[in-house]
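# Sequence isn't available, so here's the structure alone:
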């Protein structure tokens, strides 16, 4: 069976090299998953443009991470759980709160509504129960936010699937497994 490796910069086309140069200047590193997506520079370019806009008009940085952590948990993406746990902590979440977002037990009503709807949508291939949708609206979100929410789910699902398919090394501190949740 073929193993997918993280490409070196020399293995990529000029466009991919240029995009990863921009990523490095913005993030201080090139995540292995982005480098791997750069095998298709057009796909990386499209993903980064989409990612830079998805959900930004409706959600705070913390709310975006709630969605991304919940979907990544359902999709069992070790890479995205690690990356978004680190990002969530940079946005003010504690380790315990990142776990609560992943298991749907966070006490904040808005974050719980997002987390639970994200898990429901991811588990049920875009479908969600009336209860989780109603909780979303009762938490103060509207129809625009619902469409923006879906854009975020699609964005994180892409990277979840990209990692689950390639299994490139995780270059962020590993996220705790839910069964190792602190009491």
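Nice, thanks for sending it over. Since the model is a prediction, treat every value here as computed from it, not as a measurement.

# Low-confidence stretches in the protein?
180-183 (pLDDT under 70).

# And the nearest residue to residue 122 once chain neighbours are set aside, how far from residue 113?
In this structure, residue 122 finds its nearest non-sequential neighbour in residue 74, 3.8 Å apart by CB to CB, 6 or more residues apart in numbering. For every residue, glycine as well, the C-beta is placed using N, CA and C. Counting by CB to CB, to the nearest Å, the separation of residue 74 from residue 113 is 16 Å.

# More neighbours: which of these two?
Taking neighbours as other CB atoms under 10 Å, residue 74 and residue 113 compare with residue 113 leading, 24 against 18.

# for residue 43, phi and psi?
Backbone torsions of residue 43, given as degrees, to the nearest 10, read phi -70, psi -40.

# do the same with residue 84
Phi and psi for residue 84, reported as degrees, to the nearest 10, are phi -80, psi -20.

# how about it, what does it touch?
Neighbour list for residue 84: 65, 68, 69, 72, 156 [criterion: CB atoms under 8 Å, 6 or more residues apart in numbering].

# Of the residues you listed - the most surrounded one?
Neighbour max across these (other CB under 10 Å) = residue 69, 32 neighbours.

# show me what contacts the residue lying closest to residue 55 once chain neighbours are set aside?
Take residue 55 and drop its neighbours on the chain: the residue closest to it by CB to CB, 6+ apart is residue 152, 3.9 Å away. Residues near residue 152 by CB under 8 Å, 6+ apart: 54, 55, 59, 64, 67, 68.

# quick one: which helix or strand includes the closest residue to residue 40 other than its chain neighbours?
Nearest residue to residue 40, sequence neighbours excluded (CB to CB, 6+ apart): residue 16, at 8.0 Å. Assignment of secondary structure by DSSP states H and E places residue 16 within helix 14-27.

# Could I get the buried residue list for the longest helix seen in the chain?
As assigned by DSSP state H, the longest helix anywhere in the chain is helix 143-166. Within helix 143-166, the residues scored as buried using 16 or more other CB atoms under 10 Å are 145, 148-153, 155-160, 162-163, 166.

# Show me which of those residues is closest to residue 87.
Distances from residue 87 to these, taken as CB to CB, are shortest for residue 156 (11.4 Å).

# list the contacts for that closest one?
Residues in contact with residue 156 (CB under 8 Å, 6+ apart) are 67, 68, 71, 72, 80, 84.

# change it to 10 Å
By CB atoms under 10 Å, 6 or more residues apart in numbering, the residues touching residue 156 are 51, 54-55, 64-65, 67-72, 75, 77, 80, 84, 118, 122.
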